[in-house]
Every structure is written in C-alpha cells, then in structure tokens.
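1. Coordinates for the following, if possible.
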Amino acid sequence: MANNSMADRLTSLRKAQSDKLGRRLSAQEVADAVGISRSTLSGYERGHDNPGRDTLIALATYYGVPVDHLAFGTTLVEVADDLVHDRQEAALLSIWRRLDDGQRRAWLDLLSSMSRRDAA
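-> Below you'll find the model as predicted:
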C-alpha cells in the first residue's frame with residue numbers, strides 16, 4: 001500500500017499497531033479508543049468519508065503521528081526535519097510516543113547504561 005490517501009494511511013497505521021499481547025488491533029478497538037463507531041472508522045479507511053477536525057486529532061493522537069501525516073501524508077521527517085535526523089529516528093520517536101511512563105523509564109535506563117559502557 002503506497003499510503004497515497006488518508007484512507008490508506010489510516011488502514012496502514014491500524015494494521016501496524018498491536019496490543020500488549022502482540023495482536024493486531026481490530027477496527028473496533030481503534031474506534032472505541034477514539035470514540036467513534038466501527039462503521040465510521042471503516043468509512044474513513046475505505047475513503048467513503050473523511051474525519052472531522054476533532055476525530056482527526058483523536059486518531060493522530062491515538063496513533064502517535066502528526067495530524068499533517070494523516071491529512072496530507074507528510075512524514076515525521078518532513079514535519080520536523082530540524083528535530084528528526086532520519087527515518088530511523090522518526091520511527092523511534094513514533095514508538096516512544098506510544099510507551100507508558102514505566103516503559104519509557106526502562107528504555108532510558110537501558111540506553112543510559114549502554115551509553116556509559118560505550119564511553120568507558
């Protein structure tokens with residue numbers, strides 16, 4: 001899927017997400033999380049309708065991507081090229097935004113210990 005349309009991007013983002021058990025998220029789970037019906041989300045993913053502003057913001061927040069990415073297809077690198085250096089860093093940032101506080105602390109501890117070992 002080339003992600004040329006908002007429908008393609010929404011579908012790709014949902015299919016790329018997984019729950020804590022590693023299962024792909026269903027349309028119902030995403031719809032429930034953002035406060036819309038499954039049929040409404042399905043209409044967005046099929047390109048039959050476009051989300052309004054509030055729903056677009058809720059979807060972008062849920063997926064951890066900028067609204068511009070959903071609406072226009074810009075990449076994280078294009079949105080914040082002065083802050084993100086490459087696609088790998090953009091991918092890490094996207095993952096980071098989906099972690100809870102405990103997971104973030106654990107990753108920071110791991111990265112800090114790795115950095116200290118490399119510096120020694």
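2. mind showing which ranges of this protein have poor pLDDT?
-> Scanning the chain for pLDDT under 70 picks out 1-3, 19-21, 75-87, 90, 120.
3. nearest residue to the residue nearest in space to the middle of it other than its sequence neighbours?
-> Closest residue to the average C-alpha location of the chain: Tyr63 at 3.1 Å, with CA atoms, centre = their mean. Sequence neighbours aside, Leu13 is the residue nearest to Tyr63 in space, at 4.6 Å (criterion: CB to CB, 6 or more residues apart in numbering). (Glycine included, C-beta is placed from N, CA and C.)
4. Gly64 now?
-> Counting by CB to CB, 6+ apart, the residue nearest Gly64 is Arg97, at 3.7 Å.
5. tell me the domain boundaries of the protein?
-> The chain breaks down into these structural domains: 1-74, 75-120 (assignment by automatic domain parsing).
6. most tightly surrounded among these?
-> Mean neighbour count (mean count of other CB atoms under 10 Å) peaks for domain 1-74 among the domains of the chain, with a mean of 15.
7. Distance from it to the middle of the chain?
-> 9 Å (CA atoms, centre = their mean, to the nearest Å).
8. swap in stretch 107-114?
-> Mean-position distance between stretch 107-114 and its chain equals 23 Å (CA atoms, centre = their mean).
9. and what of stretch 94-111?
-> That offset, for stretch 94-111, works out to 15 Å (CA atoms, centre = their mean).
10. contacts for the longest helix along the chain?
-> Of all segments of type helix in the chain, defined using DSSP state H, the longest is helix 101-119. For helix 101-119, contacts defined as CB atoms under 8 Å, 6 or more residues apart in numbering pick out Trp96, Leu99.
11. rewinding a little: convert the one helix or strand the residue nearest to Tyr63 maps to to CSV, retaining C-alpha atoms only.
-> Using DSSP states H and E, Leu13 falls within helix 6-16. Extracted in CSV, the C-alpha atoms of helix 6-16 (Å, rounded to 0.1, in the frame of the first residue of the first chain):
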residue,chain,number,x,y,z
MET,A,6,-5.8,9.3,4.1
ALA,A,7,-7.8,6.1,3.9
ASP,A,8,-4.6,4.2,3.0
ARG,A,9,-2.7,5.9,5.9
LEU,A,10,-5.4,5.1,8.4
THR,A,11,-5.6,1.5,7.4
SER,A,12,-1.8,1.1,7.4
LEU,A,13,-1.5,2.7,10.8
ARG,A,14,-4.1,0.4,12.4
LYS,A,15,-2.6,-2.7,10.8
ALA,A,16,0.8,-1.7,12.1
